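1. The following comprises the amino acid sequence and a computationally predicted model.
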Amino acid sequence: MITTAGQGPRKVLLDCDPGIDDAVAILYLAGRHHAGEIELVGISTTGGNASAEQTALNARWLLDACGLPEVPVGVGEAGPADRELVTTPETHGPSGLGHFDARLAGGVAPRLPWRELWQQCLDGDGLVDLIVTGPLTNAAQWDKLAEFRQVTAMGGAVNYRGNTTPTAEWNFWVDPLAAHRFFRAQLPPVVLCALQVTEQFLITPERAARLVSVLADADLAESMLEMLRFYFEFHDAQGEGYQAQVHDAVTAIVALSACGYDAVPTTMDVEVDSPLLRGTSVADLRRHWGRDTNASLVRAIDVEGAHAELERGWRLLAQFGPQESKTLR
């Protein structure tokens, strides 16, 4: 069990934009919550892979399917402050969850504003860990980030090829101003999982079949397979092979120190205005800027250990979570 200062399981707030790989991460966190290893205090969403309202609906459906109707979902900012939102239907499907549509499965959009949710979480007992797997849109607009125990974020491509432009990763590219402002804010310890690490975490059809085979809820298992099938098809069309890079799930695992990883302290910043370099993340590894460090950049992970941990989390969901479908009928 991960505890915080003797006050029980570590409290976790997830800020995300589900998103297929976000969905994989939510099932992992739900399993650990059911087992009492963490307390998932809430999920907030941003406009990202789909609109903020759609991603909130997706998060709500996923939590309900995992037997966690009591975990609140907050609707986040609709998009970047300085430009229009770009979503990713080609990557995550028209509703964000691939071949699956939560609204058709009876999902209902939450109405709780994200700021109210975050304040409720911080006003509770014990420190809270924030995990951000979507754009940093919400985080950049929150002026009390230092009240979190730690922030772990998925984003950037440091000295590595981008997945949206030659140099930029999508989360930072879609809202570069938010990423820039985040790294200039007063921050708690920050752990950054960038593409050079998260692209190593691949789920193949064989791994997917093994994962869903552990779920006790057959309808949830079928829905996850439909999501992952879309993700495989997208990666295959991009020349990456019939497999999927599951960035957000491994970020959640790293956030909870649930697999081995190596990180180096550095100073991060993100380019905002350049037409060619929009969203490009830069790590001042040799301290040229003379500024204080603001992040621990993950450089390597125990990939097989992370896969074993993801499966363990899903097994916990099967063991302690819903034993049959309560949301898909």
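-> Good, I have the coordinates.
2. Please make it C-alpha for all contacts and neighbour counts, starting now.
-> Fine.
3. the strands in the stretch 1-150 of the chain, which residues?
-> 10-16, 38-45, 73-75, 112-113, 128-132, 150-154 (DSSP state E, counting those that start in this stretch).
4. Run through the neighbouring helices and strands of the third one.
-> When contacts are defined as 3 or more CA pairs under 8 Å, 6 or more residues apart in numbering; DSSP states H and E, strand 73-75 packs onto strand 38-45, helix 52-65, strand 112-113, helix 114-123.
5. Tell me how far Leu130 lies from Pro89.
-> 26 Å (CA to CA, to the nearest Å).
6. Over to Asp21?
-> Counting by CA to CA, the gap from Asp21 to Pro89 is 14 Å.
7. out of those two, which sits in the more crowded spot?
-> Asp21 (23 against 15; other CA atoms under 10 Å).
8. What's the local residue count around Pro189?
-> 15.
9. actually Ala81, not the one I typed
-> Close neighbours of Ala81, defined as other CA under 10 Å, add up to 13.
10. Need the pLDDT of it.
-> Note on Ala81: pLDDT of 96.
11. sorry, back to before: want to throw the strands of the stretch 1-150 of the chain into TSV with mean pLDDT and distance to Thr293?
-> Formatted as TSV, the strands of the stretch 1-150 of the chain follow (pLDDT from 0 to 100; distance: least, CA to CA, whole Å):
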stretch	mean pLDDT	distance to Thr293
strand 10-16	98	23
strand 38-45	98	27
strand 73-75	98	31
strand 112-113	96	32
strand 128-132	98	19
strand 150-154	98	14
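12. Make TSV from those strands and add mean neighbour count to it.
-> Below are these laid out as TSV (neighbours: other CA atoms under 10 Å):
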stretch	mean neighbour count
strand 10-16	27
strand 38-45	26
strand 73-75	28
strand 112-113	15
strand 128-132	26
strand 150-154	24
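13. And the pLDDT for Ala5?
-> pLDDT recorded at Ala5 is 49.
14. and if you look at the one 3 residues further on?
-> Among the per-residue scores, Gly8 shows a pLDDT of 81.
15. I'd like to know how far it sits from Leu127.
-> With CA to CA as the criterion, Gly8 and Leu127 are 10 Å apart.
16. out of these two, which sits in the more crowded spot?
-> A count of neighbours by other CA under 10 Å puts Leu127 above the other of Gly8 and Leu127, at 19 against 16.
17. Excluding chain neighbours, what is closest to that one?
-> Arg149 (5.6 Å; CA to CA, 6 or more residues apart in numbering).
18. which residues sit in contact with that neighbour?
-> Leu127, Val128, Asp129, Leu130, Pro188, Pro189 (CA atoms under 8 Å, 6 or more residues apart in numbering).
19. Repeat the analysis, applying 6 Å as the threshold.
-> Contacts of Arg149 were listed using CA atoms under 6 Å, 6 or more residues apart in numbering, and they are Leu127, Val128, Asp129.
20. got it, and Leu297?
-> So Leu297 contacts Leu192, Ala263, Val264 (CA under 6 Å, 6+ apart).
21. Confirm the last one sits in a strand?
-> Yes: the assignment for Val264 by DSSP: H, G, I helix; E, B strand; the rest coil puts it in a strand.
22. burial count for it?
-> Count around Val264 with other CA under 10 Å applied: 12.
23. does it really touch Ser296, like I thought?
-> Yes: under the criterion of CA atoms under 6 Å, Val264 makes contact with Ser296 at 5.2 Å.
24. where does the stretch 1-150 of the chain have low pLDDT?
-> 1-7 (pLDDT under 70).
25. Now do Ala216, the pLDDT please.
-> 89.
26. Which secondary structure state is assigned to it?
-> Strictly by three-state DSSP, Ala216 counts as coil.
27. Please tell me how far it sits from Asp129.
-> According to CA to CA, Ala216 stands 29 Å off from Asp129.
28. Kindly report the same for Phe201.
-> In terms of CA to CA, Phe201 sits 22 Å off from Asp129.
29. And for Leu68?
-> 19 Å.
30. Who does Ala244 form a beta bridge with?
-> Bridge pairing for Ala244 (DSSP bridges) gives the partners Ile203.
31. Pretty sure Met154 sits against Thr133.
-> Yes: counting by CA under 6 Å, Met154 does reach Thr133; the two are 5.0 Å apart.
32. quick one, phi/psi of the residue nearest to Leu127?
-> Arg149 adopts backbone torsions of phi -70, psi -40, taken as degrees, to the nearest 10.
33. Likewise for Trp142?
-> Per-residue torsions, Trp142: phi -100, psi 120 (degrees, to the nearest 10).
34. That one: how many residues sit nearby?
-> 14.
35. What of Ala185?
-> 17.
36. so how far is Val86 from Asn116?
-> Check again: residue 116 is Glu, not Asn. From Glu116 to Val86 the distance is 26 Å (CA to CA).
37. Ala318 now?
-> 35 Å.
38. Between those two, which has more neighbouring residues?
-> Ala318 (22 against 17).
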